[in-house]
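Chemist: Give the three-dimensional model of this entry:
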Amino acid sequence: MQIHSATELGNLIRTRREALAIKQGDLASIAGVDQGNLSKIERGTAKATLDTYLRLCSALGIDLLAEPRA
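Modeler: Numbers count the residues shown, from 1 in each chain. So this is what the prediction gives:
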């Protein structure tokens, strides 16, 4: 799946969290993110640092792959 925006990544994070039946507060705690900020990230109303996205994705078992465009 290609991600083109922080909003799309936030949506993927929310979708995966819900699929795993993880509460937002639990994910926030595991990833070391403020729950209010996580809520905004998932809704696409706030952007986060790359480090924050990486911690959230790691906690959810999401691999990010960066490769040059052809």
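Chemist: use CA for all of it now, contacts and neighbours both
Modeler: Fine.
Chemist: Please, which helix or strand holds the residue most central in space within the chain?
Modeler: The chain has residue 13 as the residue nearest its centroid, 3.8 Å off, counting by C-alpha atoms, centre = their mean. Using DSSP states H and E, residue 13 falls within helix 6-19.
Chemist: got the contact list for that helix?
Modeler: Helix 6-19 is contacted from outside by 3, 23-24, 27, 41-45, 47, 56-57, 60, using C-alpha atoms under 8 Å, 6 or more residues apart in numbering.
Chemist: mind listing the helices for the chain?
Modeler: Listed in chain order, the helices of the chain (DSSP state H) span 6-19, 24-31, 35-43, 50-60.
Chemist: buried sites along the last one?
Modeler: Neighbour counts over helix 50-60 (16 or more other C-alpha atoms under 10 Å) mark 52-53, 55-57, 60 as buried.
Chemist: cool, and the first one?
Modeler: Going by neighbour count (16+ other C-alpha under 10 Å), the buried part of helix 6-19 is 6-14, 16-17.
Chemist: and the gap between the closest residue to residue 46 other than its chain neighbours and residue 34?
Modeler: Of all residues not flanking residue 46 in the chain, residue 40 sits nearest, at 5.1 Å (C-alpha to C-alpha, 6 or more residues apart in numbering). To residue 34, residue 40 is 10 Å away according to C-alpha to C-alpha, to the nearest Å.
Chemist: Kindly report the same for residue 15.
Modeler: For residue 15, the distance to residue 34 - C-alpha to C-alpha - is 19 Å.
Chemist: coming back round to it: using ChimeraX, define a selection of the buried residues within the contacts of helix 6-19.
Modeler: To isolate the buried members of the contacts of helix 6-19 in ChimeraX, using 16+ other C-alpha under 10 Å:
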select :24,27,41,42,43,44,47,56,57,60
